[in-house]
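Peer 1: using only what follows, build the 3D model:
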Amino acid sequence: MTQQNDTPDLSASASPAAAIDPKVAFGPRDIAILLIVAVATVIFFVVRSRGSKLTAPTSSTVKTTTTTSTTSQAVKPPPPKKQKKSIIAKLTSTSTEDLGNPRHLFVFYGSQTGTAEDLANRFAKELKAMFSLSVTVCDLEEYDFSEILKLPPSTVGSVLVGFFLATYGEGEPTDNAAEFYEWLLKGRGKGDDLGDDVEDDNEEERDGAKNLNYFMFGLGNKTYEHFNAIAKRADKRFKALGSVRQGPVGSGDDDGSMEDDFLNWKPKAIEAITEYFKFDASSTQAKPSRDASHVAQFKLTEVGDAPVTAVFEGELSSGKPRSWNKDDTYVEKKATAFSYDAKNPFYAPIVKSSYLYKSTFDNFKFPDVSATQLPPSDEERKVMVTTDTRSIQIERQCMHLEFSLDGSGLKYETGDHVGVYAANDTRDVLALAAALRIPEDRLDTLIDLVPVNTNEEVSRPFPNPCTIRAALTYYLDLRTPMKQYQFEILARFATNEGEREKLFDFAEKRELFVQAVETQQLTLCEVLQLFPSIQIPVAVVLGEILTRPGVRYYSISSSSTKQPNVVSATAVIVRYAIAQPTLSNRVVIKEGLATSFLQRLLELRLRNASEHMSAKAAVLATHVPISLRTSSFRLPRNASLPVVMVGPGTGVAPFRAFLWERVEALERDAEVGPTWLFFGCRHPDQDFMYKDEFEEMKTRAGGDDGKVKIVTAFSRVPGQPKMYVQQTMAEHMDAVWRMLEIQKGHFYVCGDAKSMAKDVNAMLVKIAQKVGGQSEEEATRWVKNLKTTGRYQEDTWS
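Peer 2: All right, here's what the predicted structure looks like:
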């Protein structure tokens with residue numbers, strides 16, 4: 001695809017008037033102008049070098065994106081920016097004494113799925129219980145983080161700043177940490193760059209940074225190349241500025257056990273914090289005994305009659321309740337202007353949907369656990385149980401969903417991501433309500449979750465007021481497996497002594513917990529069913545046990561040039577069988593929260609079941625809350641360059657969009673380079689998604705001798721050897737080498753990071769050796785150079 005170049009053509013042929021007449025001489029006026037330009041240039045660079053200091057954020061970062069559309073559109077005024085919270089103000093409001101009193105801990109988190117936020121809150125709560133310490137947990141997006149370099153010397157020894165920073169994708173900051181990261185690293189620290197060349201020449205910054213003491217815990221996944229890059233780069237930058245880290249940098253690996261990594265780091269961090277604040281270790285409050293009562297953070301108050309406009313019914317909002325009008329479509333009513341983002345998602349209608357797989361199944365067998373109870377068959381969930389063979393067959397399903405952006409003002413570019421905010425299944429809500437002994441009619445009681453200690457700044461976990469049903473349906477994740485620390489809370493509410501002791505054992509014995517709970521993925525509802533003597537208040541469940549659902553990102557499978565007002569996603573429904581022999585002695589069916597939610601909406605759309613609902617209820621029942629995330633996964637600006645794409649399974653999603661971009665560019669008579677897709681699936685007649693579309697693209701691009709080539713690999717065809725994408729790359733290694741090395745093309749991989757992406761990378765190294773005649777070291781360096789120059793891009797997940 002070609003894009004307009006906004007660089008003016010300075011060649012003599014661009015315009016006759018632009019040609020320079022060599023006979024024209026410079027006069028005094030010309031010399032004066034040149035002197036002025038020279039002085040102005042010097043001043044510019046001096047000011048720029050002095051202005052490189054870390055400037056305080058004045059508003060939230062706005063990610064700008066280019067658009068290939070040439071249509072002129074009116075520019076809307078931006079919505080008012082939210083005022084950033086001040087940690088300096090927090091310190092001064094905490095005490096009337098000196099700025100450095102009392103001892104205060106600020107814990108910032110950069111979180112994409114909620115894990116970093118959860119660990120930050122847990123660690124802060126534990127420190128507060130152990131020490132005489134004022135603690136504030138801070139969303140990086142909401143605070144003026146530049147103030148951490150403005151702390152006066154009096155705060156040393158009495159103020160400590162902590163960071164829990166997740167790394168997202170290929171070494172990128174999370175959405176809520178993007179502005180902080182840009183501020184700290186000054187736009188550096190991308191890919192292999194650790195920010196080494198960030199200038200540190202501002203004395204004011206250095207003086208303030210010397211007063212900053214901090215600790216750091218990073219969250220990432222070792223299957224990605226830039227593991228925990230954000231925490232590592234932030235730590236390096238703070239040290240370069242002269243700040244002092246307390247304790248080691250924690251390194252959590254989601255591919256292994258994030259919980260184990262956190263638990264191994266925590267004692268070292270606490271030791272360093274104890275020493276920093278000069279706490280007397282003997283005065284540290286001991287961990288409560290098993291006989292101690294739980295100290296609740298929240299209490300539940302019933303709300304009487306409240307105006308409809310003041311009640312949250314399940315909508316996601318960072319401010320007030322939202323509402324919609326129903327005309328031909330549902331239009332949101334806005335009292336004040338705001339833009340849709342991750343905290344105020346746009347509720348998008350599904351305008352098109354379909355299933356992409358045909359008659360393909362996953363089979364699960366449980367022959368060695370004859371006593372384990374099998375679940376019943378479930379036609380709705382496509383689950384078939386055969387008791388005599390002790391097998392469970394689950395139909396594999398993949399959805400194509402298109403969301404309308406009409407009226408949202410949202411724009412995307414091909415290669416971006418769409419975030420989906422899922423709601424729980426009604427069956428899960430009713431099952432948990434029964435396990436908590438909440439009568440079904442009480443689920444519609446309007447409640448407010450209020451902090452017990454009104455002197456503390458405690459964030460409410462979800463919008464209030466709302467009904468218990470709304471909280472359990474929209475605001476909390478009912479399918480997340482239980483965490484170990486939560487068993488201590490449950491144990492304190494168990495009335496049966498045997499159950500109580502067993503629950504405490506799970507809370508204190510890591511190996512026992514992993515074997516019986518973690519590997520068997522027990523949820524809160526399942527634990528309550530297995531330990532019926534637990535009589536836990538609803539307020540504790542809503543405020544301290546259950547967590548918010550994380551946003552689920554999908555690679556956008558639509559082209560922004562072909563469908564600028566539609567975003568499509570391609571998602572395999574997650575559904576599988578797992579044995580739980582230790583406690584329940586049964587096999588259960590587990591489902592993914594996001595994909596099962598999308599399937600319910602897909603089916604509801606087909607039935608048109610929202611006809612008699614109120615406008616807001618219909619939107620919540622039939623629309624998908626979405627946000628868009630800018631990605632660096634982009635086609636080359638020069639469409640004449642070759643493109644090689646590798647995308648097995650749903651990894652093909654962004655390449656469907658890439659292919660449409662290139663085909664439509666061809667049809668506009670643009671110069672387009674070779675466009676190859678290596679696609680893999682199990683069987684050509686079962687899960688070859690978008691097969692007809694690919695054939696259409698190929699035909700429109702010139703057929704077998706055209707620019708588009710689709711190379712397939714099938715791994716489950718009876719009577720044929722298993723083939724994977726890296727093997728088909730080997731069959732075409734001469735062409736791959738020619739496109740990447742000789743013609744300087746671009747290479748893309750999307751899909752599984754743990755195995756496939758590594759195998760594809762290894763195959764490229766092998767191609768460079770066999771075709772390019774390089775040594776292994778040279779080939780590895782060649783592949784690395786493709787990545788550092790932006791010609792090898794990955795959009796992977798683990």
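Peer 1: quick check: phi and psi on Ile573?
Peer 2: phi -70, psi 120 (degrees, to the nearest 10).
Peer 1: got it, and Phe163?
Peer 2: Torsion angles at Phe163 (phi, psi; degrees, to the nearest 10) stand at phi -130, psi 130.
Peer 1: wait, what's in contact with the closest residue to Cys138 other than its chain neighbours?
Peer 2: Ranked by CB to CB, 6 or more residues apart in numbering and with sequence neighbours excluded, the top spatial neighbour of Cys138 is Phe108, at 4.8 Å. (Each C-beta comes from the backbone N, C-alpha and C, glycine too.) Residues in contact with Phe108 (CB atoms under 8 Å, 6 or more residues apart in numbering) are 120, 138-140, 143, 145, 161-164, 180.
Peer 1: what sits opposite Phe108 in the beta ladder?
Peer 2: Cys138, Phe163 (DSSP bridges).
Peer 1: report pLDDT for it.
Peer 2: Per-residue confidence (pLDDT) for Phe108: 96.
Peer 1: same deal with Lys333?
Peer 2: Reading off the confidence values, Lys333 has pLDDT 89.
Peer 1: residues near the closest residue to it other than its chain neighbours, how many?
Peer 2: Leaving aside its chain neighbours, Lys333 sits nearest to Ser323 (4.9 Å; criterion: CB to CB, 6+ apart). For Ser323, the neighbour count with other CB atoms under 10 Å is 17.
Peer 1: now do the strands in the stretch 401-550 of the chain.
Peer 2: For the stretch 401-550 of the chain, the strands defined by DSSP state E, counting those that start in this stretch occupy 417-420, 446-451, 466-467.
Peer 1: out of those strands, the one nearest Leu263 is which?
Peer 2: Closest to Leu263 of the strands of the stretch 401-550 of the chain, according to CB to CB: strand 446-451, at 27.4 Å.
Peer 1: how about that closest one: buried residues?
Peer 2: 446-447, 449, 451 (16 or more other CB atoms under 10 Å).
Peer 1: same check, this time on stretch 539-550
Peer 2: Under the neighbour-count criterion of 16+ other CB under 10 Å, stretch 539-550 has 539-550 buried.
Peer 1: repeat that for stretch 318-336.
Peer 2: 321-324, 330, 332.
Peer 1: which single one of the residues you listed is nearest to Asp687?
Peer 2: Among these, Tyr330 lies closest to Asp687 (CB to CB), at 34.4 Å.
Peer 1: show me where the stretch 151-300 of the chain has its helices.
Peer 2: 178-185, 203-209, 229-241, 258-277 (DSSP state H, counting those that start in this stretch).
Peer 1: so Phe747 touches Tyr792, yeah?
Peer 2: Yes: between Phe747 and Tyr792 there is a contact under CB atoms under 8 Å: 4.7 Å.
Peer 1: any shared contact partners between the two?
Peer 2: Jointly contacting Phe747 and Tyr792 under the rule CB under 8 Å, 6+ apart are 764, 786.
Peer 1: can you list contacts of the helix or strand containing Val711?
Peer 2: Element membership for Val711 (DSSP states H and E) is strand 708-714. Residues outside strand 708-714 that contact it (CB under 8 Å, 6+ apart) are 648, 659, 662-663, 674-684, 688, 694, 697-698, 701-702, 720, 723-725, 727-728, 731-732.
Peer 1: run a quick neighbour tally on Val574.
Peer 2: 12.
Peer 1: please give me every residue in contact with it.
Peer 2: 590-592, 595-596.
Peer 1: any chance of CSV for those residues, columns distance to Thr473 and neighbour count?
Peer 2: Output for the contacts of Val574, formatted as CSV (distance: CB to CB, whole Å; neighbours: other CB atoms under 10 Å):
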residue, distance to Thr473, neighbour count
Lys590, 19, 14
Glu591, 16, 17
Gly592, 17, 18
Thr595, 17, 21
Ser596, 13, 20
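Peer 1: and the residues you listed, which of them are in helices?
Peer 2: 595-596 (DSSP state H).
Peer 1: in the contacts of Val574, find the pair that's most separated.
Peer 2: By the measure CB to CB, Lys590 and Thr595 form the most distant pair in these, at 11.6 Å.
Peer 1: any common contacting residues for those two?
Peer 2: Counting by CB under 8 Å, 6+ apart, the shared contacts of Lys590 and Thr595 are 574-575.
Peer 1: pLDDT weak spots in the protein?
Peer 2: Within the chain, the ranges that satisfy pLDDT under 70 run 1-82, 93-101, 189-205, 281-286, 369-371, 455-456, 606-612.
Peer 1: quick one: the residue nearest the centre of it from Thr454, how far?
Peer 2: Nearest to the geometric centre of the chain sits Gln112, at 4.0 Å (CA atoms, centre = their mean). Per CB to CB, to the nearest Å, Gln112 is found 32 Å from Thr454.
Peer 1: my guess is Asn325 contacts Ala618. True?
Peer 2: No: Asn325 lies out of contact with Ala618 (CB under 8 Å); the separation is 11.3 Å.
Peer 1: may I see the helices of the stretch 151-300 of the chain organised as JSON lines, with mean neighbour count and distance to Leu602 added?
Peer 2: Below are the helices of the stretch 151-300 of the chain laid out as JSON lines (neighbours: other CB atoms under 10 Å; distance: least, CB to CB, whole Å):
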{"stretch": "helix 178-185", "mean neighbour count": "20", "distance to Leu602": "32"}
{"stretch": "helix 203-209", "mean neighbour count": "16", "distance to Leu602": "52"}
{"stretch": "helix 229-241", "mean neighbour count": "22", "distance to Leu602": "36"}
{"stretch": "helix 258-277", "mean neighbour count": "17", "distance to Leu602": "32"}
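Peer 1: out of those, which is closest to Ala670?
Peer 2: Among the helices of the stretch 151-300 of the chain, the nearest to Ala670 by CB to CB is helix 178-185 (33.2 Å).
Peer 1: out of everything not next to it in sequence, what's closest to Ala569?
Peer 2: Tyr554 (4.1 Å).
Peer 1: so what touches the helix or strand containing the one you found?
Peer 2: If you go by DSSP H and E, Tyr554 is part of strand 552-555. Residues outside strand 552-555 that contact it (CB under 8 Å, 6+ apart) are 415, 417-422, 569-571, 593-594, 629, 633, 650-651, 653-654, 750, 795.
Peer 1: and with 7 Å instead?
Peer 2: The list of residues contacting strand 552-555 from outside it, by CB atoms under 7 Å, 6 or more residues apart in numbering, reads 417-420, 422, 569, 571, 594, 629, 653-654, 750, 795.
Peer 1: partners of it, with directions?
Peer 2: Next to strand 552-555 in the sheet, as set by DSSP bridges, lie strand 417-420 (antiparallel).
Peer 1: with just CA atoms, put the strand it pairs with into PDB.
Peer 2: Written as PDB, here are the backbone C-alpha positions of strand 417-420 (Å, rounded to 0.1, in the frame of the first residue of the first chain):
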ATOM      1  CA  HIS A 417      -5.200  -3.900  19.200                       C
ATOM      2  CA  VAL A 418      -8.800  -3.800  20.500                       C
ATOM      3  CA  GLY A 419      -9.400  -4.400  24.200                       C
ATOM      4  CA  VAL A 420     -12.500  -6.200  25.300                       C
END
